[in-house]
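Peer 1: predicted model and sequence below, questions to follow.
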Amino acid sequence: MAAITAAMVGELRAKTDAPMMECKKALTEADGDLVRAEEILRVKLGSKASKAASRVTAEGVVTAFISGGVGALVEVNCETDFVTKNDDFIALANTVAKLVAEKNPADVAALSALPVDGKTLEEVRAALVGKIGENMSIRRFKRYETGSKLVSYLHGTRIGVIVEFDGADEQVGKDVAMHIAAMKPVALSSKDVPADLIEKERSIATQKAAESGKPADIVAKMVEGTVQKYLKEVSLFDQPFVKNDKQTVEQMLKAANTTVKAFTMFVVGEGIEKKQDDFAAEVAAQVAAAKQA
């Protein structure tokens with residue numbers, strides 16, 4: 001049996017906003033497995049116990065560059081929110097987006113080797129780290145090259161969206177990008193939702209339905225209903241349009257004679273867990289060091 005520490009309980013609570021004791025029970029049941037414990041809480045407490053996407057703590061910026069049918073969306077990370085407002089850091093992120101669009105690097109390593117004003121991008125990054133005194137890294141990027149139209153939307157510097165679409169009205173593309181930033185779909189349509197996400201929801205729904213004590217055929221229908229509801233919630237075309245919730249995004253696009261072909265959304269720090277400092281332990285260590293001195 002894995003030892004359940006206060007730090008583990010605190011991390012799960014930060015992810016789920018669930019009561020402290022429920023977090024400890026879930027971790028105990030999951031033998032210390034944080035992912036499994038989060039799933040257990042969702043079964044017991046419902047979907048409100050899953051807030052990982054909205055509670056990410058890694059810092060950085062998302063930025064975009066579009067020129068004609070070529071565009072890029074990038075995420076560049078740093079250690080603190082303070083640096084995200086630094087002009088040099090923002091300039092670095094904008095340079096990265098332009099390089100990705102214009103040079104089409106295969107990956108971050110190839111991107112880092114590209115020239116920028118007589119230096120490599122990696123040398124520029126390293127110099128800025130030395131100047132600011134804080135680590136920073138290029139985390140990810142997505143490049144588009146298409147005969148269709150591209151539009152981007154940045155919600156501040158923490159959420160970025162790029163949309164590939166066909167249609168006469170540019171505003172429709174912008175509206176879709178803003179909708180995606182607000183509603184955070186994971187796929188264009190239900191058939192495009194990744195299988196692993198569907199299976200995770202099915203597993204949770206099955207466990208919750210089994211606790212109802214209803215006959216197996218009813219449980220099966222409950223599970224399928226929950227999965228179908230989930231698919232509609234995370235599929236762009238099935239979501240109620242934020243500007244008019246009387247119609248779905250698909251209905252809005254059809255009325256506007258517009259087709260969305262693809263999209264990418266980056267949320268700063270998504271999937272990254274920031275190191276949690278134990279303040280009490282740090283103070284105790286400082287006191288002990290002072291006594292020894």
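Peer 2: Alright, I've got the coordinates. Numbering: from 1, shown residues only.

Peer 1: so Ile66 sits in a strand?
Peer 2: Yes - under DSSP: H, G, I helix; E, B strand; the rest coil, Ile66 sits within a strand.

Peer 1: beta-bridge partners for it, please?
Peer 2: Gly71 (DSSP bridges).

Peer 1: okay, now it: neighbour count?
Peer 2: Around Ile66 sit 17 other residues, with neighbours defined as other CB atoms under 10 Å. Backbone N, C-alpha and C define where each C-beta goes, glycine included.

Peer 1: where do the helices sit along the stretch 51-200 of the chain?
Peer 2: Taking DSSP state H, counting those that start in this stretch as the criterion, the stretch 51-200 of the chain carries its helices at 87-103, 108-112, 121-132, 170-183, 195-210.

Peer 1: what angle do helix 121-132 and the longest one make with each other?
Peer 2: By that I understand helix 87-103. Per axes from the mean of the first three to the mean of the last three CA atoms, to 10 degrees, the angle that helix 87-103 makes with helix 121-132 is 170 degrees.

Peer 1: ok so, going back, so for Glu270, which of the helices of the stretch 51-200 of the chain sits nearest?
Peer 2: helix 170-183 (12.8 Å; CB to CB).

Peer 1: taking the mean pLDDT, what do you get for the closest one?
Peer 2: Averaged over helix 170-183, pLDDT sits at 95.

Peer 1: next one: stretch 197-213
Peer 2: Averaged across stretch 197-213, the pLDDT comes to 87.

Peer 1: for that stretch, what is the distance to the chain centroid?
Peer 2: 24 Å (CA atoms, centre = their mean, to the nearest Å).

Peer 1: buried residues, it. List them.
Peer 2: Using 16 or more other CB atoms under 10 Å as the test for burial, stretch 197-213 gives 201, 204-206, 208-209.

Peer 1: returning to what we had before: and the helices of the stretch 51-200 of the chain as JSON lines, adding distance to Asp245?
Peer 2: Output for the helices of the stretch 51-200 of the chain, formatted as JSON lines (distance: least, CB to CB, whole Å):
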{"stretch": "helix 87-103", "distance to Asp245": "33"}
{"stretch": "helix 108-112", "distance to Asp245": "39"}
{"stretch": "helix 121-132", "distance to Asp245": "43"}
{"stretch": "helix 170-183", "distance to Asp245": "11"}
{"stretch": "helix 195-210", "distance to Asp245": "23"}
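
Peer 1: any chance of the buried residues of stretch 197-213 in a markdown table, plus distance to Ala181?
Peer 2: Shown next, in a markdown table, are the buried residues of stretch 197-213 (distance: CB to CB, whole Å):
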| residue | distance to Ala181 |
| --- | --- |
| Glu201 | 23 |
| Ile204 | 26 |
| Ala205 | 28 |
| Thr206 | 32 |
| Lys208 | 30 |
| Ala209 | 33 |
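
Peer 1: of those residues, which pair is most distant in space?
Peer 2: Glu201 and Ala209 (12.0 Å).

Peer 1: which neighbours do these two share?
Peer 2: Each of Thr226 lies in contact with both Glu201 and Ala209 under the rule CB atoms under 8 Å, 6 or more residues apart in numbering.

Peer 1: right, and Lys149 touches Asp169 too?
Peer 2: No - using CB atoms under 8 Å, Lys149 is not in contact with Asp169; the gap is 10.2 Å.

Peer 1: which one's more surrounded, the two?
Peer 2: The neighbour comparison of Lys149 against Asp169 (other CB under 10 Å) goes to Lys149, with 20 against 12.

Peer 1: in the lengthiest helix in the chain, what's buried?
Peer 2: Using DSSP state H to define each element, the chain has its longest helix at helix 216-234. By 16+ other CB under 10 Å, the buried positions in helix 216-234 come out as 219, 222-223, 226-227, 230-231, 233-234.

Peer 1: can you check stretch 108-128 too?
Peer 2: Neighbour count says stretch 108-128 has 108, 111-112, 114, 116, 121-122, 124-125, 128 buried, by 16+ other CB under 10 Å.

Peer 1: dump the residues you listed to CSV, plus distance to Arg42 and pLDDT.
Peer 2: Output for those, formatted as CSV (distance: CB to CB, whole Å; pLDDT from 0 to 100):
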residue, distance to Arg42, pLDDT
Val108, 33, 95
Leu111, 37, 97
Ser112, 38, 95
Leu114, 43, 97
Val116, 45, 95
Leu121, 41, 96
Glu122, 41, 94
Val124, 43, 93
Arg125, 39, 92
Leu128, 41, 91
